[in-house]
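J.: Can you look at this prediction? I've put the sequence above it.
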Amino acid sequence: MSTTSSLHHFVFNTYKRRMTIPHRHETDLYRYIWNLLAVKKCHLLRIGGIENHIHIFVDIHPTISVAQLAGELKRKSSLWMKQSGLFPGFEGWGKEYFAFSKSANERNTTIEYIKRQREHHNKVSFENEIMTMSLLSCAEWKDEMLT
């Protein structure tokens with residue numbers, strides 16, 4: 001049997017980065033996304049976020065591309081969020097998304113980073129977070145996440 005590891009960290013922001021994911025319903029959203037990933041035979045390692053964006057750390061099944069998975073997750077979760085009535089004001093996800101491959105050595109650091117999103121965003125804006133993720137190399141970003 002073949003063995004693969006395709007670890008990816010995704011970030012989806014809400015349309016215009018509006019605060020439309022109520023804290024009291026984020027677990028409902030996370031369970032929905034977890035189910036979508038399970039159907040695709042992808043293994044969710046961690047999910048978390050705040051009112052205007054979510055982080056998803058996943059081991060992607062080898063038959064699925066990053067773009068395909070991101071598109072399906074955004075499309076299906078957006079429809080569900082609008083129909084559920086739990087996310088008033090949610091107009092959809094932003095057009096863009098962030099996806100970054102991770103090594104096995106970065107697994108625990110990435111999980112811990114996602115766990116601490118609420119605390120992290122008391123100090124760092126979403127805009128600065130994405131800029132940092134985009135500009136820094138893996139090693140630099142790892143050091144930045146731990147501070």
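T.: Looks like it came in fine.

J.: Please count neighbours and contacts with C-alpha atoms only from this point.
T.: Noted.

J.: OK, contacts around Asp59?
T.: 5-8, 42-45 (CA atoms under 8 Å, 6 or more residues apart in numbering).

J.: swap in Thr14?
T.: 20, 52-53, 90-94.

J.: Just put those residues in a markdown table and tack on distance to Arg116.
T.: Listed next are these as a markdown table, based on distance: CA to CA, whole Å:
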| residue | distance to Arg116 |
| --- | --- |
| Thr20 | 20 |
| Asn52 | 15 |
| His53 | 14 |
| Phe90 | 24 |
| Glu91 | 26 |
| Gly92 | 24 |
| Trp93 | 22 |
| Gly94 | 23 |
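
J.: of all those residues, which two lie farthest apart?
T.: Maximum pairwise distance among the contacts of Thr14 (CA to CA): 13.0 Å, between His53 and Glu91.

J.: So between these two, which is more surrounded?
T.: The neighbour comparison of His53 against Glu91 (other CA atoms under 10 Å) goes to His53, with 21 against 16.

J.: Run a quick check on the more buried one versus Lys16, I expect a contact.
T.: No: under the criterion of CA atoms under 8 Å, His53 makes no contact with Lys16, lying 10.5 Å away.

J.: Now for the residue nearest the centre of the chain, which secondary structure element holds it?
T.: Nearest to the mean C-alpha position of the chain, by CA atoms, centre = their mean, lies His55 at 2.2 Å. In this assignment (DSSP states H and E), His55 forms part of strand 53-59.

J.: which residues do His53 and Lys16 both contact?
T.: Counting by CA under 8 Å, 6+ apart, nothing touches both His53 and Lys16.

J.: Show me the shaky parts of the protein.
T.: Per-residue confidence for the chain (pLDDT under 70) gives these ranges: 1, 120-122, 124-147.

J.: all strands of it, in order?
T.: Remark: strands assigned in the chain by DSSP state E are 7-13, 43-50, 53-59, 98-102.

J.: okay, those in JSON lines with distance to Leu36 next?
T.: Formatted as JSON lines, the strands of the chain follow (distance: least, CA to CA, whole Å):
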{"stretch": "strand 7-13", "distance to Leu36": "15"}
{"stretch": "strand 43-50", "distance to Leu36": "10"}
{"stretch": "strand 53-59", "distance to Leu36": "12"}
{"stretch": "strand 98-102", "distance to Leu36": "17"}
